[in-house]
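S.K.: Give the three-dimensional model of this entry:
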Amino acid sequence: MHAPPADRTASLAQALNVSAGAFIVTLYGDVVAPRGGELWMGNIIEVCEGVGIGESRVRTAVSRLVTGGQLVGVKEGRRSYYRLSPSAEREFQRAARLIYAPPRAEPLRGWHMVILPVGEDRDPLLARLAALRFGLALPHLAIRPDRGEPLPDLGAPHFRATTEDDLTALAAQAWDLPALHDEMTRFLSAFDGLGADGPEALGLRLLLVHAFRRIALRDPALPLGILPEGWPAPDARALFARLYLALSPAADAAVAAGFKDRNGPLAVDQARMARRIADLAEA
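M.R.: Take a look at the predicted model:
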């Protein structure tokens, strides 16, 4: 006997060890950011309950996201609404390019290299570089493939380098490739064969994005010659794109039917969503 859809979705969320705060971040990135950035608290609670996250955990997580500067709350009558802060919106747009768009096809131009300082500035810089998918090659050297992408001001000595030397060993110690390989393998195992329509489609799509987001934001997109044989990233991205496109008609219909901000039903940015769908179709 098959589990009911709600139970199946909650079981998947439990298997993925989804936290309330991280799931709400996924909700805003996937659904709310392209639809004005604001959402009624009742919708947040409803979506989270659909994957087994109770209301008390949701309210605690939203409070922490407000304190952390990712969400801004506003009340209108008895209802509370939360919107993305400007800094969170910029971060979500950067993350969306990594999650939904295919990897850059430009050939490797060399390597970005950043010299790390000694002292109290080191840990904040390391966290920022990790978010930009740099790896720690040596105690005071962070590296990342250079394919022509612009980088923000890193606040530390930064240079570009080209080399004909074999950097396989250096890259292998800069990133935890075995752990990333295992996470991609778990993603493939968890979502392969998944299919749904109707009310569970939105929850399943959010879980799909939530799991793939962790991979996309950590994968340094190293040259194939450096990666271990059988690297599963192409398979993981292809599965993500296929399932996202399959789940989207029912998921988007659920959003259109019930999600609200202070002005009423959420209004989708059609151009932004069209770019997302086109990017996924290329995967």
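
S.K.: tell me the contacts of the nearest residue to residue 223 once chain neighbours are set aside?
M.R.: If you skip the residues right next to it in sequence, residue 223 has residue 108 as its closest partner in space, 5.2 Å away by CB to CB, 6 or more residues apart in numbering. In short, each C-beta sits where N, CA and C put it, glycine included. Applying CB atoms under 8 Å, 6 or more residues apart in numbering to residue 108 gives the contacts 145-147, 223.

S.K.: Over to residue 251?
M.R.: Per CB under 8 Å, 6+ apart, neighbours of residue 251: 201-202, 204-205.

S.K.: Which helix in the protein has the most residues?
M.R.: Taking DSSP state H as the criterion, the chain has its longest helix at helix 233-258.

S.K.: returning to what we had before: how close does the residue nearest to residue 223 get to residue 171?
M.R.: Residue 108 is 12 Å from residue 171, where distance means CB to CB, to the nearest Å.

S.K.: repeat for residue 236
M.R.: Taking CB to CB as the criterion, residue 236 is separated from residue 171 by 19 Å.

S.K.: Equivalent analysis for residue 20, please.
M.R.: For residue 20 relative to residue 171 (CB to CB), the value is 35 Å.

S.K.: Next: residue 12.
M.R.: For residue 12, the distance to residue 171 (CB to CB) stands at 33 Å.

S.K.: Distance-wise, check the residue nearest to residue 223 relative to residue 225.
M.R.: According to CB to CB, residue 108 stands 9 Å off from residue 225.

S.K.: And residue 198, by the same measure?
M.R.: Between residue 198 and residue 225 the distance, using CB to CB, works out to 45 Å.

S.K.: all helices of the protein, in order?
M.R.: 5-15, 20-27, 41-50, 55-67, 86-100, 122-131, 168-174, 177-191, 200-216, 233-258, 270-282.

S.K.: Can you tell me which of those helices is nearest to residue 141?
M.R.: Between residue 141 and the helices of the chain, the shortest gap by CB to CB is with helix 168-174, which sits at 8.7 Å.

S.K.: Which residues does the closest one contact?
M.R.: By CB under 8 Å, 6+ apart, the residues outside helix 168-174 that reach it are 135-137, 142-143, 177, 220, 222, 225-226.

S.K.: Which ones among those lie within strands?
M.R.: Secondary structure assignment (DSSP state E) places 135-137, 142-143 from those within strands.

S.K.: Which one of the residues you listed sits in the busiest neighbourhood?
M.R.: residue 142 (24 neighbours; other CB atoms under 10 Å).

S.K.: Output the contacts of residue 108 in JSON lines; the columns should cover distance to residue 261 and neighbour count.
M.R.: Formatted as JSON lines, the entries for the contacts of residue 108 read as follows, by distance: CB to CB, whole Å; neighbours: other CB atoms under 10 Å:
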{"residue": "145", "distance to residue 261": "39", "neighbour count": "21"}
{"residue": "146", "distance to residue 261": "40", "neighbour count": "17"}
{"residue": "147", "distance to residue 261": "37", "neighbour count": "16"}
{"residue": "223", "distance to residue 261": "44", "neighbour count": "13"}
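
S.K.: and of those residues, the nearest to residue 253?
M.R.: Closest approach between those and residue 253, by CB to CB: residue 147, at 37.3 Å.

S.K.: what separates that closest one from residue 58, distance-wise?
M.R.: If you measure residue 147 against residue 58 using CB to CB, the figure is 39 Å.
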